[in-house]
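Engineer: Fold the stuff below for me.
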Amino acid sequence: MELLTKREIEIMNAIWFSGKELVQTGEILKTINLERKLSRQPLQSMLTRLCEKGVLECVKEGHFNFYRSQIDREEYRKFETALLMKRLYKNSPKSLVLSLVKDQSFTAEDIKELQETFGMISQTENS
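Structural biologist: Next up is the predicted model:
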């Protein structure tokens, strides 16, 4: 798998969150333009690049192009998180979490949820 650019991730998010298997170019453009302006031609170039990377599949129906994701959002998230940990945290999840805690990125609610999650994991391992 290849690392995606910020713009490519925006496109993939438009497809992943559409809830559809096939998404038309116009739908992607409309979703992306809610946040920033992008014209059809640059979008088409990026869609072509994503197809070349093997991330998207283009399905032609008549005069329309539809796109299907070839990777799962969660699969890509795990891939990028693993790269981040490798590059910046020497493959240490603990270092990543400690960095987030030190930067005060966690709210009290986040910490409570993490404690509950880790409690559930511990209970499962002890069973």
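
Engineer: Contact partners for the spatially closest residue to Lys20 that is not a sequence neighbour?
Structural biologist: By the measure of CB to CB, 6 or more residues apart in numbering, the closest residue to Lys20 outside its immediate chain neighbours is Glu27, 8.0 Å from it. For the C-beta atoms, the positions are set from N, CA and C on the backbone; glycine is no exception. Glu27 is in contact with 14, 18, 20, counting by CB atoms under 8 Å, 6 or more residues apart in numbering.

Engineer: Just the CA coordinates for the helix or strand hosting Glu27, please, in CSV.
Structural biologist: Using DSSP states H and E, the secondary-structure element containing Glu27 is helix 25-32. Presented in CSV, the C-alpha positions along helix 25-32 are these (Å, rounded to 0.1, in the frame of the first residue of the first chain):
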residue,chain,number,x,y,z
THR,A,25,-17.4,11.8,-10.0
GLY,A,26,-20.0,14.5,-9.5
GLU,A,27,-21.0,13.2,-6.1
ILE,A,28,-17.3,13.2,-5.0
LEU,A,29,-16.9,16.7,-6.3
LYS,A,30,-20.0,17.9,-4.5
THR,A,31,-18.8,16.4,-1.2
ILE,A,32,-15.3,17.8,-1.4
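
Engineer: From the chain's centroid, how far away is stretch 93-102?
Structural biologist: 21 Å (CA atoms, centre = their mean, to the nearest Å).

Engineer: Likewise for stretch 54-69?
Structural biologist: Stretch 54-69 has its average C-alpha position 19 Å from the chain's average C-alpha position, going by CA atoms, centre = their mean.

Engineer: Now do the strands in the protein.
Structural biologist: For the chain, the strands defined by DSSP state E occupy 23-24, 56-61, 64-69.

Engineer: Cheers, nothing more for now.
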